[in-house]
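Visitor: Below: sequence and its predicted model.
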Amino acid sequence: YGGGDARRNLPRFSDDAIKANLRIVDTLRSIGDTKGITPAQLALAWVMHTGTTPIPGTTKPCRIAENAAAADVELTREDLDLIEAASPHGAVTGARNTEAGMARDRG
């Protein structure tokens, strides 16, 4: 992420946190590669598997078809186990937002 990227101000994207979190992304990318899908498609497929309907956003028209194709991804028990092993609950390093941002979100 470049110096002008606004995410650099968020705790999860600090230098130390991003290194730890990219290890999770690398593992998820590897799982996706074995299925011929992107990490984003894997994430969307997993969310749908949990019974939640994701509402992905995009700034690129080509991503609409990519996101929609995630609905056709079938996750096996092995896939789900690998995903959980890569990112067990609470494994992400860094808070989602700054204290000021969380206070603003709470309204």
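Guide: Everything's here; your move.

Visitor: Using the three-state scheme, assign Ala95.
Guide: Judged by DSSP: H, G, I helix; E, B strand; the rest coil, the three-state class of Ala95 is coil.

Visitor: For this structure, which segments count as helices?
Guide: Using DSSP state H, the helices of the chain run over 15-35, 39-49, 62-69, 77-86, 99-106.

Visitor: name the helices or strands packed onto the first one?
Guide: What that stands for is helix 15-35. When contacts are defined as 3 or more Cβ pairs under 8 Å, 6 or more residues apart in numbering; DSSP states H and E, helix 15-35 packs onto helix 39-49, helix 77-86. From N, CA and C alone the C-beta is placed, and that goes for glycine too.

Visitor: Can you list the buried residues in the last one?
Guide: Of the residues in helix 77-86, those with enough neighbours to count as buried (16 or more other Cβ atoms under 10 Å) are Asp79, Leu82, Ile83, Ala86.

Visitor: Just name the closest of those to Pro54, please.
Guide: Distances from Pro54 to the buried residues of helix 77-86, taken as Cβ to Cβ, are shortest for Ile83 (15.0 Å).

Visitor: So the closest one sits against Gly32, correct?
Guide: No. Using Cβ atoms under 8 Å, Ile83 is not in contact with Gly32; the gap is 10.0 Å.

Visitor: which residues do those two both contact?
Guide: Jointly contacting Ile83 and Gly32 under the rule Cβ atoms under 8 Å, 6 or more residues apart in numbering are Leu42.
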